[in-house]
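Enquirer: Build me a model from this:
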Amino acid sequence: MTGAAAAIALSIAAVAGFAAAVQAGFFRDTFLHFVSARAGRTITVEGALRLKIFSLTPSITAERVAIRNPRWMPPGRMAEIGELALVFEMPRFHHRFGVESLTMNSAVLHLARDAQGRANWQWTDPTLPQTNEKLAIVRSLSVPQAHVTLDDQRRHLEFEGTASAQAPTAKASSAGEARPAGDAPEPLKIWGEGTLNDRAASFEIDGDSLATASHGRPYRFSYSERSNGSRLEGQGSLPRPFDFDAMEATFEANGPDLKDLYFLVGMRLIDTGSYRLTGKLERDGRHFKFSDLSARSGESDVHGSVSIDSTRARPKLDIDITSGVLRMIDLGARAAGRGPPPPPLLLSEAALRPGSLSLDDAAILVHADQVVVGKLSLHALAAQGTLDHGVLTAQSLTAGLLGGEVHGTGRLDLNQDPPLARADLNITGLELGRFPHKPPMPPPLEGAMRAHIVLTGKGRSLHQVVSTANGIVTLVVPGGTVRDSLAEVTGMDLRGFGLLASKDKRETAIRCAVGIFKERDGTLNIDNFVADTEPVLITGTGQIQFAGENLDLALRGEPKSVRLFHWRSPILIKGTLLHPLVEVRPKKLQIVDRGVGRGADCQALIAAADSAAATAAGSAH
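Expert: Here you go, the predicted model:
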């Protein structure tokens with residue numbers, strides 16, 4: 001509101017240079033034409049117009065004033081004012097020209113800014129070189145209950161409601177006259193309420209006294225906004241009063257869901273649980289820097305900085321984010337507790353907002369000490385990427401997982417709705433013994449696994465992408481050990497049941513284990529799965545349906561030596577990724593099984609898996 005008030009004041013202030021012409025007898029229309037030309041926008045007065053010229057404090061009083069948009073904005077009205085009163089302070093020794101008081105009654109303000117940053121409240125054409133001319137300071141301001149509409153396409157804000165401003169007249173002149181002892185200057189107060197982005201909102205601004213404001217020192221203010229349970233507040237200053245192209249401020253926001261900040265600042269963020277966000281903002285023209293950012297929700301924390309260069313047609317962002325702990329369970333609609341609770345899922349549903357990113361370009365650095373996904377944790381995650389014309393590319397991603405290393409690249413095309421995602425991940429040295437298991441039993445599997453994942457899917461969240469994906473997953477364990485009882489039980493024979501019942505902890509060798517899984521439209525099917533152990537050759541069939549993360553797998557063990565009471569039935573793995581269930585459905589009993597299982601050709605199986613992964617990676621690129 002202060003920017004709009006300054007634009008209105010400066011529009012009318014242009015009459016001071018025309019005072020002599022009015023005294024010489026020029027008529028009203030000529031006077032208004034001159035004012036409009038100096039203001040860069042058409043100004044009309046449909047009611048009475050009264051001028052007081054022969055004074056050190058000239059004044060203008062006008063009724064039914066209309067101020068139209070400047071030439072760099074579409075046609076329309078910026079303001080309609082029932083009654084406008086301006087009192088000027090003429091330049092003299094140690095004093096510049098100024099506005100002693102501005103009063104607007106029955107005002108209606110139509111404020112607008114386009115996506116390129118051009119606004120109807122700007123005093124000069126933003127496409128032209130800007131000068132460092134100091135703007136006149138309004139010493140006293142009174143705007144009761146103005147009706148305000150705001151359409152800010154750059155910040156995605158729409159507001160309709162009322163706003164008021166009050167800065168009482170000083171009791172002593174700003175010319176350096178002594179102020180009575182103990183008489184503190186009256187501060188500027190701006191307040192209002194209405195609907196902001198379709199939600200009820202209110203705001204308050206408290207600033208230094210206008211009566212004592214000076215171009216020689218920063219102008220300080222505090223602010224507070226509230227909407228939909230979220231609150232944003234802070235303090236700031238204008239190093240060059242009242243040039244809003246230079247600003248420094250701190251801020252703190254908190255509420256039940258980070259996504260609700262959209263109703264205060266127009267930024268589309270993801271759902272979270274209860275959150276707290278703090279930081280600093282520095283503005284220099286069309287350069288913005290958010291520093292000392294700190295956000296926390298649940299057990300997750302994020303810190304960093306964001307710099308924005310808006311001098312180009314497409315704003316350029318530099319984003320540097322670090323995190324100590326980032327839990328996927330703290331993100332998404334489930335964390336916010338909104339709507340009916342969906343079934344528990346391993347993959348995050350935290351959704352991106354493509355529209356808020358596709359118009360920007362960015363360079364992105366992300367570091368996290370720990371990223372928790374379900375029961376698994378990534379350590380020392382580091383990612384580097386770019387956003388270019390709506391395409392988000394992760395040029396490199398590294399992380400530690402279960403003693404191994406993850407390396408990958410990715411691409412997300414935000415120009416499509418839903419976005420098109422592609423990922424290519426290599427995992428090496430993953431230690432099977434580190435998979436979560438129930439103590440005090442030792443891990444059921446030991447050995448180093450490598451995996452290659454190449455997937456392409458559509459969606460705004462990780463879960464949506466995987467639920468629509470096509471691609472391939474290969475797993476290779478070139479050697480290791482497995483608990484003997486688990487290997488034997490896949491054969492569904494008397495020896496296996498006995499080992500399992502006795503909780504035997506003996507281990508047996510894994511000669512190799514290879515899995516090739518092909519995903520189509522969100523369903524991951526076993527194309528080939530073989531685990532060759534010392535006593536049993538294990539094969540697998542089935543699928544994982546990622547929309548509900550449902551498991552439908554079957555393992556079959558073929559003994560390599562004689563077994564008694566062999567049930568020729570598979571071990572079934574049902575349930576979900578988060579909560580798998582093992583079922584046994586005995587069918588055909590074989591009293592004596594001579595053990596026809598044979599060792600697999602491990603070298604050929606591993607070569608086939610590596611070839612399938614390489615082919616998929618090549619076609620994806």
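Enquirer: Tell me, how many residues neighbour the nearest residue to residue 464 once chain neighbours are set aside?
Expert: Spatial nearest neighbour of residue 464, chain neighbours left out: residue 418 (6.8 Å); criterion: CB to CB, 6 or more residues apart in numbering. C-beta here means a position set from N, CA and C on the backbone, and glycine is covered the same way. For residue 418, the count of nearby residues is 18 (other CB atoms under 10 Å).
Enquirer: Spit out the contact partners of residue 418.
Expert: For residue 418, the residues meeting the contact criterion (CB atoms under 8 Å, 6 or more residues apart in numbering) are 354, 458, 459, 460, 464.
Enquirer: three-state assignment of the fourth one?
Expert: In this case it means residue 460. coil (DSSP: H, G, I helix; E, B strand; the rest coil).
Enquirer: what packs against the longest strand seen in the chain?
Expert: When secondary structure is assigned using DSSP state E, the longest strand within the chain turns out to be strand 98-113. Other elements packing on strand 98-113 under the criterion 3 or more CB pairs under 8 Å, 6 or more residues apart in numbering; DSSP states H and E are helix 2-13, strand 77-89, strand 141-152.
Enquirer: Confidence-wise, which of these is weakest overall?
Expert: For the helices and strands packed on strand 98-113, mean pLDDT drops lowest on helix 2-13, to a mean of 55.
Enquirer: Redo the contacts of residue 418 as TSV? Include distance to residue 512.
Expert: Shown next, in TSV, are the contacts of residue 418 (distance: CB to CB, whole Å):
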residue	distance to residue 512
354	43
458	35
459	35
460	39
464	35
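Enquirer: Among the residues you listed, which one has the most neighbours?
Expert: Neighbour counts for the contacts of residue 418 peak at residue 464, which has 23 neighbours (criterion: other CB under 10 Å).
Enquirer: Find the helix or strand that the residue nearest to residue 464 is a member of.
Expert: Element membership for residue 418, per DSSP states H and E: none, as it lies in no helix or strand.
Enquirer: Distance-wise, check it relative to residue 346.
Expert: Computed as CB to CB, to the nearest Å, the residue 418 to residue 346 distance reads 20 Å.
Enquirer: And residue 123, by the same measure?
Expert: Here the distance between residue 123 and residue 346 works out to 55 Å (CB to CB).
Enquirer: Likewise for residue 128?
Expert: The separation that residue 128 has from residue 346, given CB to CB, amounts to 55 Å.
Enquirer: And for residue 434?
Expert: With the distance defined as CB to CB, residue 434 ends up 17 Å from residue 346.
Enquirer: Equivalent analysis for residue 192, please.
Expert: In this structure, residue 192 and residue 346 are separated by 46 Å, where distance is defined by CB to CB.
Enquirer: Which residues does the nearest residue to residue 453 once chain neighbours are set aside form beta bridges with?
Expert: Residue nearest to residue 453 in three dimensions, not counting chain neighbours: residue 425, with 4.4 Å by CB to CB, 6+ apart. Residues found in beta-bridge contact with residue 425 (criterion: DSSP bridges) are residue 408, residue 453.
Enquirer: check contacts around residue 425.
Expert: Residue 425 makes contact with 397, 406, 407, 408, 451, 452, 453, 454 under the criterion CB under 8 Å, 6+ apart.
Enquirer: tell me which residues in stretch 39-50 are buried?
Expert: Of the residues in stretch 39-50, those buried under the neighbour-count criterion (16 or more other CB atoms under 10 Å) are 39, 40, 41, 42, 43, 45, 49.
Enquirer: For residue 75, state which of these is nearest.
Expert: Of all those, residue 42 has the smallest distance to residue 75: 9.9 Å, by CB to CB.
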